[in-house]
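Student: quick one: sequence plus predicted model below, questions after.
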Amino acid sequence: MAGGLFSISREYFTKLGTYDPGMNIWGGENLELSFRVWMCGGNLEIIPCSHVGHIFRKRSPYKWRTGVNVVKKNSIRLAEVWIDEYKNYYYERFNYDLGDYGDVTDRKKLRNIRSKAKPMCIDSAVDNHNYHKPVNMWPCHNQGGNQYWMLSKNGEIRRDDGCLDYSGGESVIVYPCHSQKGNQEWQYREDNSIYHANIQKCMETSVDGQKLTMKTCTRIDRQIWTCRNYIVHILR
């Protein structure tokens, strides 16, 4: 996505965290916003016959500091927050000479999904000893680990090789990811619900916040999840 050639609603842009204030001048913000929209349940769309105005200045209005690679710094901030271990493919290009890219702690906090009803997060191990077991809920600690989840392009809520899976029983379980959608296809919708496309129900926490199950979509607080971004990630 070209950073200067897109349109977005102000409300959604604010919800996503606007631009990264630690980035400077130009470069990388288009990719950063693209990752953020995708990983927080949004869509990037090319709309035929749409028009977005863009004015080019005769000269740059910014002062570029000598010896500072702004695009590299911005891109490193993007990589640190959004692409996990894949950042190493990028860092190899310049022998891991990261330099000072600033503090990205607040940007990483965008990668949270949490329940509106209670400050509880999905907290489960995903090794083979925990397959077929109901997922756990635990007070959110914002430290990743067993509360770190990713929403993949296939609609999986996953960590490593374990995915959240629902086949119609009492609870959502951890099951090996199979990339075939079905019981592992989830949608983070505009109304902030997490919808199971196959069963056509919404993810819901129990009244005491201890269990996770699927119920008919009703928009109650226990079915509302805010995406801040720990890659979709910390589900509360």
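Tutor: Looks like it came in fine.
Student: and the helix ranked longest in the chain, how far from the chain's centre?
Tutor: Longest helix in the chain by number of residues, with DSSP state H as the criterion: helix 70-82. Centroid separation between helix 70-82 and its chain, computed with C-alpha atoms, centre = their mean, to the nearest Å, is 16 Å.
Student: list the buried residues for that helix?
Tutor: Of the residues in helix 70-82, those scored as buried under the neighbour-count criterion (16 or more other C-beta atoms under 10 Å) are Val70, Lys72, Lys73, Asn74, Ser75, Ile76, Arg77, Leu78, Ala79, Glu80, Val81, Trp82. Where you see a C-beta, it was placed from the backbone N, CA and C, and this is true even at glycine.
Student: stretch 123-138 too?
Tutor: Counting neighbours by 16+ other C-beta under 10 Å, one finds that the buried residues in stretch 123-138 are Asp123, Ser124, Ala125, Val126, Asn130, Tyr131, Pro134, Val135, Asn136, Met137.
Student: how's this structure carved up into domains?
Tutor: The chain is divided into the following domains under automatic domain parsing: 10-108, 112-229.
Student: that older thread, relative to Ser60, which of the buried residues of helix 70-82 is nearest.
Tutor: Taking C-beta to C-beta as the measure, Ser60 lies nearest Val70 of the buried residues of helix 70-82, at 11.4 Å.
Student: so what's the closest one up against?
Tutor: When the contact criterion is C-beta atoms under 8 Å, 6 or more residues apart in numbering, the partners of Val70 are Asn24, Ile25, Trp26, Gly27, Trp64.
Student: show me where this protein has its strands.
Tutor: Under the criterion DSSP state E, strands of the chain are mapped to 112-115, 120-122, 137-139, 150-151, 157-159, 162-165, 173-176, 186-188, 194-196, 201-205, 212-215, 225-229.
Student: same list (those strands) but as a markdown table, adding distance to Gly53 and mean pLDDT.
Tutor: Putting the strands of the chain into a markdown table (distance: least, C-beta to C-beta, whole Å; pLDDT from 0 to 100) gives the following:
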| stretch | distance to Gly53 | mean pLDDT |
| --- | --- | --- |
| strand 112-115 | 35 | 65 |
| strand 120-122 | 42 | 85 |
| strand 137-139 | 47 | 86 |
| strand 150-151 | 33 | 85 |
| strand 157-159 | 38 | 90 |
| strand 162-165 | 43 | 94 |
| strand 173-176 | 48 | 93 |
| strand 186-188 | 31 | 92 |
| strand 194-196 | 36 | 94 |
| strand 201-205 | 39 | 91 |
| strand 212-215 | 45 | 90 |
| strand 225-229 | 30 | 66 |
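Student: got CSV for those strands, with distance to Leu31 too?
Tutor: Formatted as CSV, these follow (distance: least, C-beta to C-beta, whole Å):
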stretch, distance to Leu31
strand 112-115, 21
strand 120-122, 28
strand 137-139, 33
strand 150-151, 18
strand 157-159, 22
strand 162-165, 26
strand 173-176, 31
strand 186-188, 21
strand 194-196, 26
strand 201-205, 30
strand 212-215, 33
strand 225-229, 15
